[in-house]
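Participant: kindly return the folded structure for what I paste below:
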Amino acid sequence: MSDLFGEVDEEMRREQLKKLWDKYSIYFIVLMVLIVAGVAGWRGYQYLESKKAAEAGAAFEKAVELSEQDKHADAEKAFTELAAKAPSGYRTLARLRAAGEAASRDSKAAAKMYDDIAADRSVGGEWQDLAKLRAAGLMLDSASYADMQQRLEASAAPKSTFRHSAREMLALSAWRNNDMTAARKWLDAISEDNETPPGLRSRAEALQALLPPVAKS
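Facilitator: So this is what the prediction gives:
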């Protein structure tokens, strides 16, 4: 008798499953199709991105070769074209290199290109700071200390990645603009920072030795 009831229960379960399948099978099939299509689309996207990255890498290397051959105009053009169409990883690098190549023909134009990168929040904080530093380096001989201070003071903060170079540029700018108080401030910041690179520390000490003595009160 128990076998009979078991067979009846089994038949009822089969009937219920059949009804569920008849009712919901279309949704299941659609879901499976969407999953397969999604996986295929993702794989296709990954392939295309990988292909773009490989092409951008090859174009970047060719532009670097032009630069190494002192073909700066051609290199600048190649980097500029790459910056317009490359994936994001290469885009910022190409913009920085294009500005570097432009410096050989027009330092003001190159500084403007660096300034544009520094103002572009999409490139990320450290890239922006690097661009600020490069622009300031090109303007060091001509800009006022106030201008350099505006450009670099934030980058000279204690936790900034490029604080050492920023402080050195600010000290040099202050020195060249006869602001010895500001020069001493930045040279002291360099000497008091335990993480200052040895070469930069030596240059700072040499410049510090040229400063006039502090007036005694």
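Participant: any idea how far the residue nearest in space to the middle of the chain lies from residue 38?
Facilitator: Central residue of the chain (C-alpha atoms, centre = their mean): residue 127, 4.0 Å from the mean position. Note on residue 127: its distance to residue 38, by C-beta to C-beta, to the nearest Å, is 33 Å. For every residue, glycine as well, the C-beta is placed using N, CA and C.
Participant: count the neighbours of the residue nearest to residue 78 when sequence neighbours are not counted for me.
Facilitator: Computed as C-beta to C-beta, 6 or more residues apart in numbering, the closest residue to residue 78 that is not its neighbour in sequence is residue 63, at 3.7 Å. As a burial measure, residue 63 scores 24 neighbours (other C-beta atoms under 10 Å).
Participant: what are the phi and psi values at residue 63?
Facilitator: Torsion angles at residue 63 (phi, psi; degrees, to the nearest 10) stand at phi -70, psi -40.
Participant: can you check residue 194 too?
Facilitator: Here is the backbone geometry of residue 194 (degrees, to the nearest 10): phi -70, psi -20.
Participant: distance of it from residue 201?
Facilitator: Counting by C-beta to C-beta - residue 194 and residue 201 are separated by 10 Å.
Participant: and these two? Which one has more around it.
Facilitator: residue 201 (15 against 5).
Participant: helices and strands of this protein: which one has the lowest mean pLDDT?
Facilitator: Ranked by mean pLDDT, DSSP states H and E, the helix or strand of the chain with the weakest confidence is helix 2-68, at a mean of 69.
Participant: next secondary structure after that helix?
Facilitator: Sequence order places helix 72-85 as the next helix or strand after helix 2-68, per DSSP states H and E.
Participant: how about that next one: buried residues?
Facilitator: 72, 74, 75, 76, 78, 79, 80, 82, 83 (16 or more other C-beta atoms under 10 Å).
Participant: and the contacts of the helix or strand that contains residue 185?
Facilitator: Per DSSP H and E: residue 185 is located in helix 180-192. With contacts defined as C-beta atoms under 8 Å, 6 or more residues apart in numbering, helix 180-192 is touched by 145, 149, 156, 164, 167-168, 170-171, 174-175, 196, 200-201, 204-205, 207-208, 211-212, 214.
Participant: dump that helix to PDB, restricted to CA.
Facilitator: Provided in PDB are the C-alpha atoms of helix 180-192 (Å, rounded to 0.1, in the frame of the first residue of the first chain):
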ATOM      1  CA  MET A 180      65.100  85.100   1.200                       C
ATOM      2  CA  THR A 181      62.500  84.600   3.900                       C
ATOM      3  CA  ALA A 182      60.500  82.300   1.600                       C
ATOM      4  CA  ALA A 183      63.600  80.600   0.300                       C
ATOM      5  CA  ARG A 184      64.700  79.800   3.900                       C
ATOM      6  CA  LYS A 185      61.200  78.500   4.700                       C
ATOM      7  CA  TRP A 186      61.300  75.900   1.900                       C
ATOM      8  CA  LEU A 187      64.900  75.000   2.500                       C
ATOM      9  CA  ASP A 188      64.100  74.300   6.100                       C
ATOM     10  CA  ALA A 189      61.100  72.200   5.100                       C
ATOM     11  CA  ILE A 190      63.500  70.200   2.800                       C
ATOM     12  CA  SER A 191      66.100  69.700   5.600                       C
ATOM     13  CA  GLU A 192      63.500  68.800   8.200                       C
END
